[in-house]
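>>> Got a predicted structure here, sequence first:
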Number of protein chains: 2
Amino acid sequence: MPSKTKIAVIGGGSWATAIVKMLCENMNEVGWYMRSHYIIEHIKLNKHNPNYISSAYFDPNKLFFSEDINQMIDYADYLIFAIPSAFVQAELNKIKVPLTNKVIFSAIKGIVPESGLIVGEHFNKKMNVPLENIGVITGPCHAEEVAMERLSYLTIACQDEKKAEVLAEKLASRYIKTKISDDIIGTEYAAMLKNIFAVAAGIAHGLGYGDNFQAVLMSNAIREMKRFIKKIHKMKRNINNSAYLGDLLVTGYSVFSRNRMFGNMIGKGYTVKSAMFEMSMVAEGYYATKSAYLINQKNKAEIPIIDAVYRILYENKDPKQEFNQLTDILD
Amino acid sequence: MPSKTKIAVIGGGSWATAIVKMLCENMNEVGWYMRSHYIIEHIKLNKHNPNYISSAYFDPNKLFFSEDINQMIDYADYLIFAIPSAFVQAELNKIKVPLTNKVIFSAIKGIVPESGLIVGEHFNKKMNVPLENIGVITGPCHAEEVAMERLSYLTIACQDEKKAEVLAEKLASRYIKTKISDDIIGTEYAAMLKNIFAVAAGIAHGLGYGDNFQAVLMSNAIREMKRFIKKIHKMKRNINNSAYLGDLLVTGYSVFSRNRMFGNMIGKGYTVKSAMFEMSMVAEGYYATKSAYLINQKNKAEIPIIDAVYRILYENKDPKQEFNQLTDILD
């Protein structure tokens, strides 16, 4: 069965493009849904995505394109969603065919704003996809380095480890190593929380804190991540594994991270609105901050970094003052 | 008593200079030993160390200088050693006065090559300093950022926590936060091991691995550090605290780290000898690698990163091949 499994990627951004590239290393055909007819035609003709990781080459003969999400759902057994979490509901609204017998993997690092749920939970609760058909693909992995074929490690999580294995095998190649996990809740929350900590790292940088403080911030962040996730889903997990700590580090230390860049502008004095406008893209960490804050109202884990970022982004508090207070809590 | 406690720093390098600066924020007089008469005269006259973090200002009236280590030992109650570990024995050979009633803090991140011991153990076993008089000062802290007065956190460890408190209080200022710990063994080994992992990070960079792999390497390194230290001294410690994980990150991610730079040259194909010659300075991680490897011959913790670095540095193995094998072990 797995050899004939049809896999489709939903999304046309850099991470979606990187995942299609990885799959093409092993598969003769990969489904690729994106909204833009123009981009599809461009890739067919020029063998590159013009907008994202445009150095990555694609063999159009291997790609089954569609700009109709229902056609793509019909086509595929496994669907990998790799679009910003803020656009998930809009795509789901278009769906007219059942998703219940499909395996859905989320490569999205965020919360669906309409429901306040992580993507896996959203598919389960809003689209009736059974939990054992839901999985997560997580890094540490910048799409840009996939394009350059630099060695990267992915963790593929699913309650049904056999499904994780199917996908892990299709994604692995000479430059991608894959590992499976059964911690879908933990890995997905980790992927979401790391974006908030990347915003925090950016704010700190924007305020003029240096590398010494950055290391303290990250060391506190991983402990905060552990406390947060433990309250939501208690299980034996090593928070220092690549899917948690590695993913935090690759984002927190990357100058290319959108979340870090967004935080940096906030630290330098931009308002949230003008920082978003200036970047002309969505910083997942912005939405994640509100969701994590709200979730934690009930759970009451000790999360001083997320609390500070929340007050800065949503209560218009002064970043300098908030971080000044935060530095007394961190250790 | 503490208010009259006399503290002296042994060493003239960047970290010694940074510690003197921190102490001067709180004390009216700080002892400062270094070998070079010329540098002492320069600081007295120009109020800056000409060679290291030379932007840091010193008030000569606050400094009690000596180029005679015995005079400095006579003077001080607390001695902070901040010289490369390779030079420790040479300095100790000069000592003619007893050290037994002195409190010795090590700000050295390494192993004394002559004994294969971490500095605290060396003072205990070779100089008969009682264990309760021995402590460790550890980061994450680049001296350069202390010079710039950027917020930094130090951990001061001593079995006798009162002694740690005395020093913690003298080092804390508006830009330095201090924390005490009773884990002298763990913090000192962490400070030493992180240099090996920084060499590994440098080798990886030199070989062309990217940020994705770097995050995986660091995530494996902290787990390796935990296993290594646990075999030496089992106690309840959170390896994600700043003194362990933070210290690893500030070194592993710093492009200014000597150890990372040394590793980078090895990865790019320099021999050990030519890399050392080119840098004209000591990379602590070089000596630490051999010591850690030898210590682990008995303890048998699983330390694939250190083993690989050892084979590259001491058995002339090909970095490319060694890292290729290592990437299969990491996860």
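The structure has been received and is ready for your questions. Residues are numbered from 1 along each chain as shown, chains lettered A, B, ... in the order given.
>>> ok, for the residue sitting nearest the centre point of chain A, nearest residue in space, not its chain neighbours?
Residue closest to the average C-alpha location in chain A (Cα atoms, centre = their mean): A:Lys109, at 2.2 Å. In this structure, A:Lys109 finds its nearest non-sequential neighbour in A:Ala191, 4.1 Å apart by Cβ to Cβ, 6 or more residues apart in numbering or on different chains. (Glycine included, C-beta is placed from N, CA and C.)
>>> so that neighbour sits right up against A:Ile137, yeah?
No - the criterion here is Cβ atoms under 8 Å, and A:Ala191 misses it with A:Ile137 at 9.1 Å.
>>> Around chain B, pick out the residues from the stretch 101-250 of chain A.
Taking Cβ under 8 Å from any Cβ of the partner chain as the contact definition, the stretch 101-250 of chain A meets chain B at A:139-142, A:145, A:148, A:150-153, A:177, A:179, A:208-216, A:218-220, A:222-223, A:226, A:238-242, A:244-247, A:249-250.
>>> Mark which of those are buried, thanks.
A:139-142, A:145, A:150-153, A:177, A:179, A:209-216, A:218-220, A:222-223, A:226, A:239-242, A:244-247, A:249-250 (16 or more other Cβ atoms under 10 Å in any protein chain shown).
>>> Please narrow those to those residing in helices.
Here DSSP state H is the test, and these give A:145, A:211-216, A:218-220, A:222-223, A:226, A:247, A:249-250 as lying in helices.
>>> B:Asp68: which of those is nearest?
Distance to B:Asp68, by Cβ to Cβ, is smallest for A:Asn212 among those, at 33.5 Å.
>>> so what's that closest one up against?
Neighbour list for A:Asn212: B:Gly139, B:Pro140, B:Cys141, B:His142, B:Glu145, B:Arg150, B:Leu151, B:Ser152, B:Tyr153, B:Val250 [criterion: Cβ atoms under 8 Å, 6 or more residues apart in numbering or on different chains].
>>> For it, which non-adjacent residue is spatially closest?
Looking at A:Asn212 with Cβ to Cβ, 6+ apart, the closest residue is B:Ser152, at 3.9 Å.
>>> Give the bridge partners for the one you found, please.
B:Ile176 (DSSP bridges).
>>> Hmm, it is touching B:Ile137, no?
No - taking Cβ under 8 Å as the definition, B:Ser152 is not a contact partner of B:Ile137, at 11.7 Å.
>>> burial measure for A:Thr5, as a count.
The tally of other residues near A:Thr5 (other Cβ atoms under 10 Å in any protein chain shown) stands at 16.
>>> Distance of A:Ala190 relative to B:Gly208?
28 Å (Cβ to Cβ, to the nearest Å).
>>> typed the wrong thing, it's A:Gln297
Computed as Cβ to Cβ, the A:Gln297 to B:Gly208 distance reads 46 Å.
>>> same check, this time on A:Asn46
28 Å.
>>> got it, and A:Tyr314?
42 Å.
>>> Residue ranges of each domain in chain A, please.
Chain A breaks down into these domains under automatic domain parsing: A:2-182, A:186-329.
>>> Wait, A:Ile329 touches A:Glu322, no?
No - at 10.9 Å, A:Ile329 and A:Glu322 do not qualify as touching, with contact defined as Cβ under 8 Å.
>>> Tell me where the stretch 101-250 of chain A has strands.
For the stretch 101-250 of chain A, applying DSSP state E, counting those that start in this stretch gives strands covering A:103-106, A:111-112, A:117-118, A:134-138, A:152-158, A:176-181.
>>> Dump these into JSON lines; add distance to A:Asn259 as well.
Conversion of these to JSON lines gives the following (distance: least, Cβ to Cβ, whole Å):
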{"stretch": "strand A:103-106", "distance to A:Asn259": "18"}
{"stretch": "strand A:111-112", "distance to A:Asn259": "13"}
{"stretch": "strand A:117-118", "distance to A:Asn259": "16"}
{"stretch": "strand A:134-138", "distance to A:Asn259": "15"}
{"stretch": "strand A:152-158", "distance to A:Asn259": "19"}
{"stretch": "strand A:176-181", "distance to A:Asn259": "23"}
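>>> Return the most buried member of these.
The highest average neighbour count among the strands of the stretch 101-250 of chain A, using mean count of other Cβ atoms under 10 Å in any protein chain shown, belongs to strand A:134-138 at a mean of 29.
>>> can you give me the angle that one makes with strand A:152-158?
For strand A:134-138 against strand A:152-158, the angle by axes from the mean of the first three to the mean of the last three Cα atoms, to 10 degrees is 170 degrees.
>>> rewinding a little: pick the most deeply packed of the domains of chain A.
Using mean count of other Cβ under 10 Å, domain A:186-329 ranks as the most buried of the domains of chain A, with a mean of 21.
>>> Pull out the CA atoms of the lengthiest helix in chain A and give them to me as CSV.
For chain A, the longest helix by residue count, based on DSSP H, is helix A:184-207. Extracted C-alpha coordinates of helix A:184-207, given in CSV (Å, rounded to 0.1, in the frame of the first residue of the first chain):
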residue,chain,number,x,y,z
ILE,A,184,1.6,15.0,18.4
ILE,A,185,0.3,17.4,21.1
GLY,A,186,3.8,18.2,22.5
THR,A,187,5.5,18.6,19.1
GLU,A,188,2.8,20.8,17.7
TYR,A,189,2.6,23.0,20.8
ALA,A,190,6.4,23.2,20.8
ALA,A,191,6.4,24.4,17.2
MET,A,192,3.9,27.0,18.1
LEU,A,193,5.5,28.2,21.3
LYS,A,194,9.0,28.5,19.7
ASN,A,195,7.6,31.3,17.5
ILE,A,196,6.6,33.3,20.6
PHE,A,197,10.1,32.8,22.1
ALA,A,198,11.5,33.9,18.7
VAL,A,199,9.4,37.1,19.0
ALA,A,200,10.8,37.5,22.5
ALA,A,201,14.4,37.0,21.2
GLY,A,202,13.7,39.7,18.6
ILE,A,203,12.3,42.1,21.1
ALA,A,204,15.4,41.6,23.3
HIS,A,205,17.7,42.2,20.3
GLY,A,206,15.7,45.3,19.3
LEU,A,207,16.0,46.7,22.8
